[in-house]
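Peer 1: Need the 3D shape of this:
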Amino acid sequence: MKLSYVKIHQKYIIIKITGGQMKKILLLTILIIGIFLVNSMGKEVKNSDSPAKGTFNFKLQRVLSIDSAGKDLFAKINMIKVSDDNYLYVHDRKNKRYYIYDNNGKFIKGFGKKGEGPGEIKWIQQAQFFLKNNKILVADMDKISYFSKHGNFIKSIKNNHMQMRPVLFLDENTFISAPLLQLNIEKKGSKIIKYNLKTKKIREIAEFPLFKGGVARKKGNVIALAIGGLTPMMIIGYHNNMLYYGMNNSYTIHISNMQGKKIYTFSLDRKAQAITDADIRNKFKETRIPDDMLDIIVESMPRKLTYFSKIEVHNNLIYVFRSYLERNNRQQIDIFSLEGDYLYRAFIKVDKGLTIDANPFIKDGYLYLVLEDEEGEVSITKYKIELPLK
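Peer 2: Next comes the predicted model:
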């Protein structure tokens with residue numbers, strides 16, 4: 001069977017504590033935390049589409065811009081990440097390369113070659129990468145390849161579970177996974193799992209219904225497509241040993257610990273944006289899918305835009321990035337408190353004539369945007385920003 005894939009400021013008080021007082025304070029702290037968890041457990045916060053603190057516009061102070069990697073001009077960047085020492089890592093799916101830059105934006109090297117040998121990536125156009133412990137982890141179709149921070153190949157570990165595609169890594173060997181598509185029509189749903197590559201140990205964290213569309217079968221061939229903004233997907237964020245997750249065709253987000261114990265849920269009452277048949281077919285105009293199979297896929301797609309594409313936590317606030325079918329010069333981010341209250345409708349805006357061409361990346365007070373101009377030239381621009389306060 002042939003299978004194809006097209007994916008506060010913080011105020012603080014210093015208190016002098018004597019040894020005799022410490023035990024009482026620790027017991028009181030444990031008691032307070034326990035009361036908070038009990039009161040929060042299973043709690044659901046329902047928000048209207050009216051943020052308590054109104055609109056927040058990010059002020060962008062340009063730091064640097066990059067439009068090439070050595071002799072390679074950027075073509076189609078689908079992922080950027082920044083390490084703790086501010087190295088910038090880029091995946092250009094059209095160039096079929098991964099690029100590395102130092103903390104000043106100086107190009108270091110490109111790596112990644114299509115193939116099946118050591119250090120080669122079979123699924124190089126789609127293979128996501130992750131940063132962990134000064135290493136780059138590339139999640140290929142049937143293995144995880146490990147590279148040094150400078151792109152030198154170290155090793156690979158087999159991962160033959162097609163439905164266990166990493167969403168995030170907790171450490172070098174342990175990742176969180178949630179399938180994108182319903183390839184097995186007899187299967188009613190799926191699970192968020194934690195999987196260890198070495199021990200093969202699996203922990204189930206949560207169950208969820210898989211989207212059954214986006215798949216066409218004919219004469220033993222299978223074409224499975226996931227389209228951002230169109231295909232309902234399980235979106236997962238991680239912060240301080242907690243998972244933030246939800247199927248993005250519903251604006252409901254759950255928070256659980258790593259044992260799968262749900263702490264609370266929050267939702268936003270927002271009407272989904274309608275999508276036409278023409279909008280859907282436009283997303284497939286550059287594919288080479290046979291017409292009869294394309295008709296099956298288009299018919300199976302929902303006629304509403306998904307709600308969000310990414311969940312992150314910054315400065316003790318939850319950032320939920322809005323989905324887009326066709327991107328423009330702004331990115332909306334709904335910002336919630338850690339308790340699930342809707343605080344800000346925030347916007348990242350760039351000049352007209354520019355398109356924000358991938359999910360923005362925020363780290364340590366800086367914003368990284370993939371931008372495309374009207375001539376089709378692609379660049380990565382780094383901005384200094386101030387984040388909103390709780």
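
Peer 1: Please make it C-alpha for all contacts and neighbour counts, starting now.
Peer 2: Will do.

Peer 1: so where's the stretch 1-150 of the chain shaky on pLDDT?
Peer 2: 1-42 (pLDDT under 70).

Peer 1: now the strands: where do they sit in it?
Peer 2: Under the criterion DSSP state E, counting those that start in this stretch, the stretch 1-150 of the chain contains strands at 2-5, 43-48, 55-57, 61-66, 68-69, 72-73, 77-82, 88-92, 97-101, 107-111, 129-132, 135-139, 143-148.

Peer 1: Any chance of those in JSON lines with mean neighbour count and distance to T381 as columns?
Peer 2: Compiled in JSON lines, the strands of the stretch 1-150 of the chain are given as follows (neighbours: other C-alpha atoms under 10 Å; distance: least, C-alpha to C-alpha, whole Å):
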{"stretch": "strand 2-5", "mean neighbour count": "10", "distance to T381": "30"}
{"stretch": "strand 43-48", "mean neighbour count": "16", "distance to T381": "34"}
{"stretch": "strand 55-57", "mean neighbour count": "16", "distance to T381": "18"}
{"stretch": "strand 61-66", "mean neighbour count": "14", "distance to T381": "4"}
{"stretch": "strand 68-69", "mean neighbour count": "17", "distance to T381": "12"}
{"stretch": "strand 72-73", "mean neighbour count": "14", "distance to T381": "15"}
{"stretch": "strand 77-82", "mean neighbour count": "20", "distance to T381": "11"}
{"stretch": "strand 88-92", "mean neighbour count": "22", "distance to T381": "11"}
{"stretch": "strand 97-101", "mean neighbour count": "22", "distance to T381": "13"}
{"stretch": "strand 107-111", "mean neighbour count": "17", "distance to T381": "14"}
{"stretch": "strand 129-132", "mean neighbour count": "21", "distance to T381": "20"}
{"stretch": "strand 135-139", "mean neighbour count": "23", "distance to T381": "22"}
{"stretch": "strand 143-148", "mean neighbour count": "21", "distance to T381": "25"}
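
Peer 1: what's the closest of those strands to D341?
Peer 2: With C-alpha to C-alpha, the closest approach to D341 among those belongs to strand 43-48: 6.8 Å.

Peer 1: Sheet partners, orientation included, of the closest one?
Peer 2: As defined by DSSP bridges, the strand partners of strand 43-48 come to strand 262-269 (parallel).

Peer 1: circling back: to F211, which of the strands of the stretch 1-150 of the chain lies closest?
Peer 2: Here strand 2-5 is closest among these (C-alpha to C-alpha), at 15.2 Å.

Peer 1: Nearest approach to S256 belongs to which of the strands of the stretch 1-150 of the chain?
Peer 2: Of those, nearest to S256 by C-alpha to C-alpha is strand 43-48, at 11.5 Å.

Peer 1: Now that closest one - C-alpha only, PDB.
Peer 2: What follows is strand 43-48, C-alpha atoms only, in PDB (Å, rounded to 0.1, in the frame of the first residue of the first chain):
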ATOM      1  CA  LYS A  43     -12.900  23.500  36.700                       C
ATOM      2  CA  GLU A  44     -14.200  24.900  33.400                       C
ATOM      3  CA  VAL A  45     -13.800  28.600  32.600                       C
ATOM      4  CA  LYS A  46     -16.100  29.900  29.900                       C
ATOM      5  CA  ASN A  47     -15.200  33.200  28.200                       C
ATOM      6  CA  SER A  48     -17.200  35.400  25.900                       C
END
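
Peer 1: show me where the protein has helices.
Peer 2: 19-40, 277-282, 291-300 (DSSP state H).

Peer 1: Need the CA coordinates for the last one. PDB is fine.
Peer 2: Once side chains and other backbone atoms are set aside, the C-alpha atoms of helix 291-300 remain, and they are given as PDB (Å, rounded to 0.1, in the frame of the first residue of the first chain):
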ATOM      1  CA  ASP A 291      -8.900  14.500  -9.800                       C
ATOM      2  CA  ASP A 292     -11.100  11.700  -8.600                       C
ATOM      3  CA  MET A 293      -9.000  11.300  -5.300                       C
ATOM      4  CA  LEU A 294      -8.900  15.100  -4.900                       C
ATOM      5  CA  ASP A 295     -12.700  15.300  -5.100                       C
ATOM      6  CA  ILE A 296     -12.900  12.800  -2.200                       C
ATOM      7  CA  ILE A 297     -10.500  14.800  -0.100                       C
ATOM      8  CA  VAL A 298     -12.200  18.200  -0.800                       C
ATOM      9  CA  GLU A 299     -15.600  16.700   0.000                       C
ATOM     10  CA  SER A 300     -14.300  15.400   3.300                       C
END
